Structure formats: structure tokens, C-alpha cells
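Student: Turn this into a structure:
(2 chains)
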Amino acid sequence: MTNYINPTKEQIEHFNHLGLKEPILMLNMLKFRAKADYPDGSPNHGKDMTGAQAYAEYAKAIAPMLQKIGAKMQTFGMYEATLIGPDEAWDEVFIMHYPAAGLFLEMAVDPHYVKDVQPHRTAAVEDSRLIRVRAAESPVG
Amino acid sequence: MTDGYIDPDRAQFDAFKALPRDTPLNMLNLVRFRSVAAYPDGHPDTGLTGAQAYAKYGACSGPVLARVGGSILWRGRFETTLIGPADEAWDAAFIAFYPTAGAFLAMVTDPDYQRAVVHRQAAVLTSRLIRCAPDQTGATFG
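Tutor: Okay, the predicted model is just below:
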């Protein structure tokens, strides 16, 4: 099984080409490592943290950045089971709303994010999906 | 995209049934259509596209969903996968709400649904169906 933690260069380029002004929703599915994987030299290296604890650090660190750009979390519940699909069990599933795709991108390349925020996510996550969607205009029953 | 997850396997269905049946569900659906629907030989709808077959599934299963008290909570339009397999792309992304897991089971065993699901099976190249427990705090979605 291949694990996916960060985007590839191609995926980032494709994201950019989709337009940066539109509001977007990012569907997150996250599986945490049993033990956080902070690299040598990181202040949290050797602290014996769990992946979930590292993700909590990530959430704390990213919160002011999200607030600044007006991003909001839209929860739809706690993961319980995969009824159809591969043998994937997620620890967290949620949707983040960003007022514009460009704001998401600016955050992701912000030196503060890259240096002080993202390392917590990388240490925390064993596997993930991050899917860009647009809200449909009218939900159809 | 080479995987082909169309229906639950036995272990997944058993695990689902072993979870509480009296709690509400939000079911995240991610669906990739076949270009041409794969109906059984001789089926009158042979020749439809996957998208058309899935629309038929929606039209035929919708009344059963409503009868068990379910509804479509949210519907999105897939744009791209930023993290994940590069070829993972979805044609439909939505969340269906069920008042209880039992209501979901009642739907999938309903004779009308059994007739409708033929269209889903013909339409789907691969899919994900992920059960979530709505937050206790209520409708935080939206």
C-alpha cells in the first residue's frame, strides 16, 4: 500500500491551474501514525508523542492562519467504518472551506507554515487524502 | 484508476452491522463512473453511459431514501486530488444522511432499492462509502 502525506509537484501545479479566485472546499481524510515521526533536530523529536498528539499540535499551530484568511471547518462526523473501498481506516474526516483557492495556496507556501506548522502534520500523518471540491449550487435529493 | 470497489465485501458489511444501529449516520460517497455502463446481458438499459446509469440509480433509489427518513446533506463537485493517488478522480461526491444505521440497512434490503441498485452496479467503476457519526453537537455542517 502506498501512503500519501504531501502533494507532489504535479498535483500542486494542477491545483494552481484550476483557478485561484473561487471558493473551495478541501475534503480531508487522515490516518495518524501510532507514533509521531519528528525528524532528528526537531524540538519534538524523542518526546514519544502519538500521531494524534502531533496532529493536535498542527491544529493549534494552523488555527491563527486559518482564522486570518477566513477558512472554516465543516464537520460531518466522526469516522466509523468504510463500507465500500479498500482497507482504509481514517482517524479524521472533515471539510475545510476556503473563501478562495489562492488563500489556501498562499498559506501552504507561507514560510511560517512550511517551517513551523507543516512539520507537525508530516510527523502526524501516516496516510491522507486531500481533495478539492466545489460546493454544488443546489443539492438534489 | 485501477481499483474497482463497487459493493461492500462480506467483512465490511458484517463490520457495519456490528456497529450500533440506532445512531444517525452521515455517509460520505465518492463515486467514479464507467464511461459505458456495464449492465447484465440483455438489460433494457444497455448502452447508457455510467453517468446516465448513476442518474437512474439516483432517481430509483431516491424515494426509498426518503421513505427511510434519509436525505442528501451535501453535494460537491470534484476538482482535483491534491494529496493521494494522482489518478484518483471522482465524478460524484456527496454526503447522505440517515436517521439511524438501521434505516440505512432497511433501505439496502428494500425490494425497490434492490431493483435500483442494478443501475448503481452498472454505473460504478470504483467508489468509497464511508460511515461517519454526526457530531453530538448537532448540525455543524454548512
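
Student: I'd like the distance between residue B:66 and chain A.
Tutor: Per C-beta to the nearest C-beta, to the nearest Å, residue B:66 is found 7 Å from chain A. Using the backbone N, CA and C atoms, a C-beta is placed for each residue, glycine as well.

Student: Reduced to three states, what does that residue come out as?
Tutor: Three-state assignment for residue B:66 (DSSP: H, G, I helix; E, B strand; the rest coil): helix.

Student: Count the neighbours of it for me.
Tutor: When neighbours are defined as other C-beta atoms under 10 Å in any protein chain shown, residue B:66 has 12 of them.

Student: Tell me the confidence at it?
Tutor: Listed pLDDT for residue B:66 reads 98.

Student: excluding its backbone neighbours, what's nearest residue 52?
Tutor: Just so you know, I chose chain A. Spatial nearest neighbour of residue A:52, chain neighbours left out: residue A:32 (4.9 Å); criterion: C-beta to C-beta, 6 or more residues apart in numbering or on different chains.

Student: hm, I was asking about chain B
Tutor: residue B:37 (6.9 Å).

Student: Hmm, that neighbour is touching residue B:55, no?
Tutor: No - contact between residue B:37 and residue B:55 fails when scored by C-beta atoms under 8 Å: they sit 10.5 Å apart.

Student: Looking at these two, which has the bigger crowd around it?
Tutor: Shown here are residue B:37 and residue B:55; by other C-beta under 10 Å, residue B:37 has more neighbours (24 against 16).

Student: Test my guess that residue A:124 contacts residue A:55.
Tutor: Yes - Residue A:124 lies in contact with residue A:55 (C-beta under 8 Å); the separation is 3.8 Å.

Student: between these two, which one's more packed in?
Tutor: Using other C-beta under 10 Å, the more surrounded residue of residue A:124 and residue A:55 is residue A:124, with 28 against 22.

Student: Look up the pLDDT of that one for me, please.
Tutor: In this model, residue A:124 is scored at 97, pLDDT.

Student: Now do the contacts for it.
Tutor: By C-beta atoms under 8 Å, 6 or more residues apart in numbering or on different chains, residue A:124 lies in contact with A:30, A:32, A:33, A:36, A:51, A:52, A:53, A:54, A:55, A:57, A:58.

Student: do stretch A:8-17 and chain B meet at all?
Tutor: Yes - using C-beta under 8 Å from any C-beta of the partner chain, stretch A:8-17 comes into contact with chain B via A:8, A:10, A:11, A:12, A:14, A:15.

Student: Okay, strands next: where are they in chain B?
Tutor: Here chain B has its strands, by DSSP state E, at B:25-33, B:71-83, B:92-98, B:124-133.

Student: What strands line up against the longest one, and which way round?
Tutor: Within its sheet, and counting by DSSP bridges, strand B:71-83 is paired with strand A:125-135 (antiparallel), strand B:92-98 (antiparallel).

Student: State the mean pLDDT of that strand.
Tutor: 95.

Student: now do the first one
Tutor: Over the span of strand B:25-33, the pLDDT mean works out to 97.

Student: Return the distance of it from the chain's centre.
Tutor: Put simply, strand B:25-33 sits 5 Å off its chain's centre (C-alpha atoms, centre = their mean, to the nearest Å).

Student: buried residues in stretch B:45-56?
Tutor: For stretch B:45-56, a neighbour-count test (16 or more other C-beta atoms under 10 Å in any protein chain shown) marks B:48, B:50, B:52, B:53, B:54, B:55, B:56 as buried.

Student: Which two among these are spaced furthest apart?
Tutor: For the buried residues of stretch B:45-56, the farthest-apart pair by C-beta to C-beta is B:50 and B:56; their separation is 10.6 Å.

Student: what do those two both touch?
Tutor: residue B:123.

Student: so residue A:25 touches residue A:94, yeah?
Tutor: No - using C-beta under 8 Å, residue A:25 is not in contact with residue A:94; the gap is 10.3 Å.
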